[in-house]
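One predicted model, sequence on top.
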Amino acid sequence: MRNIVLFGPPGAGKGTQSALLVDHFGFVHLSTGDIFRLNIKEETVLGKLAKSYMEKGQLVPDDVTIRMLEDSANGHPDARGFVFDGFPRTTAQAGALDAFLNEKGQAISGMLALEVPEDELKVRLAKRAETSGRPDDADPAVIQKRIDVYNAETAPVADHYQAQGKYQGIEGLGSVEDIFGRLRSAIEAWA
Ligand code: ADP
């Protein structure tokens, strides 16, 4: 069982690469952003709450996010491994995820961090806005806020895994296939 944290700033390609990892390795993909967007679409109480943060580029509070992630993971008791995408995004979430997996006799195998320069992220997000229908991609001020929140609150999550010897940086520039090849090699090398 391998559990992967696919990490990186907004626009780094986490969603795209997660789909390829699922196809290749048979992991279950858990994206907190996707789950929030589904709740917004279905107009649930959680969706209404999440929307109020997401439209401003802020993080949804930890307690709500952690509970939601754990419920989602518990819905896949037979998973051969998870790709966590967009989670953990704070060190509190990282600690909660460690504790949650530990209770099940599991752990994070490694964090794979897609490294993409900020200028390129802005280009990608602006382009994604043309097709994603995501309001948080359409507004440059919200994009900047998400990048700032990433640098302030999410980047330290890398230190959490670095301290456990589980951090691995992956060059996030190049073709989708090239980047996937780097991720696949990193995972296969864990063996
Ligand atoms: P991106 O990586 O492009 O920002 P996501 O879909 O991962 O896209 O996240 C979109 C938004 O959802 C975030 O800006 C944030 O408001 C909210 N969100 C997603 N995951 C989390 C999380 N783990 N903790 C708090 N908020 C989150």
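Perfect, I can see it now.

OK, contacts around the residue nearest the centre of the chain?
Nearest to the geometric centre of the chain sits residue 86, at 1.9 Å (Cα atoms, centre = their mean). Counting by Cβ atoms under 8 Å, 6 or more residues apart in numbering, residue 86 touches 14, 31, 32, 33, 34. Using the backbone N, CA and C atoms, a C-beta is placed for each residue, glycine as well.

just those residues now: which is nearest residue 187?
Minimum distance to residue 187 across these is 14.8 Å, recorded for residue 14 (Cβ to Cβ).

gap between the closest one and the ligand?
As for residue 14, its distance to the ligand is 6 Å (criterion: Cβ to the nearest ligand atom, to the nearest Å).

near the ligand, which residues of this protein?
Residues of the chain lying near the ligand by Cβ under 6 Å from any ligand atom: 10-11, 32-33, 36, 53-54, 57-60, 65, 86-87, 89, 93, 136, 146.

which of the residues you listed count as buried?
Neighbour-count burial (16 or more other Cβ atoms under 10 Å) applied to the residues of the chain next to the ligand gives 10-11, 32-33, 36, 54, 57, 59-60, 65, 86-87, 89, 93, 136, 146.

Quick one: classify residue 114 as helix, strand or coil.
Under DSSP: H, G, I helix; E, B strand; the rest coil, residue 114 falls in the strand class.

Helix, strand, or coil at residue 173?
coil.

residue contacts, it?
116, 117, 120, 179.

Recalculate using a threshold of 7 Å.
116, 120 (Cβ atoms under 7 Å, 6 or more residues apart in numbering).

got the contact list for the residue in the chain positioned nearest to the ligand?
In the chain, the residue that lies nearest the ligand is residue 33 (1.8 Å; Cβ to the nearest ligand atom). Counting by Cβ under 7 Å, 6+ apart, residue 33 touches residue 86.

Can you point out the buried residues in the helix or strand hosting it?
Residue 33 is part of helix 32-41 when elements are defined by DSSP states H and E. Using 16+ other Cβ under 10 Å as the test for burial, helix 32-41 gives 32, 33, 35, 36, 37, 39, 40.

Mind giving me the packing neighbours of the helix or strand following that helix?
With elements assigned by DSSP H and E, the helix or strand that comes after helix 32-41 is helix 45-54. In this structure, helix 45-54 packs against helix 32-41, helix 62-74, with contacts taken as 3 or more Cβ pairs under 7 Å, 6 or more residues apart in numbering; DSSP states H and E.
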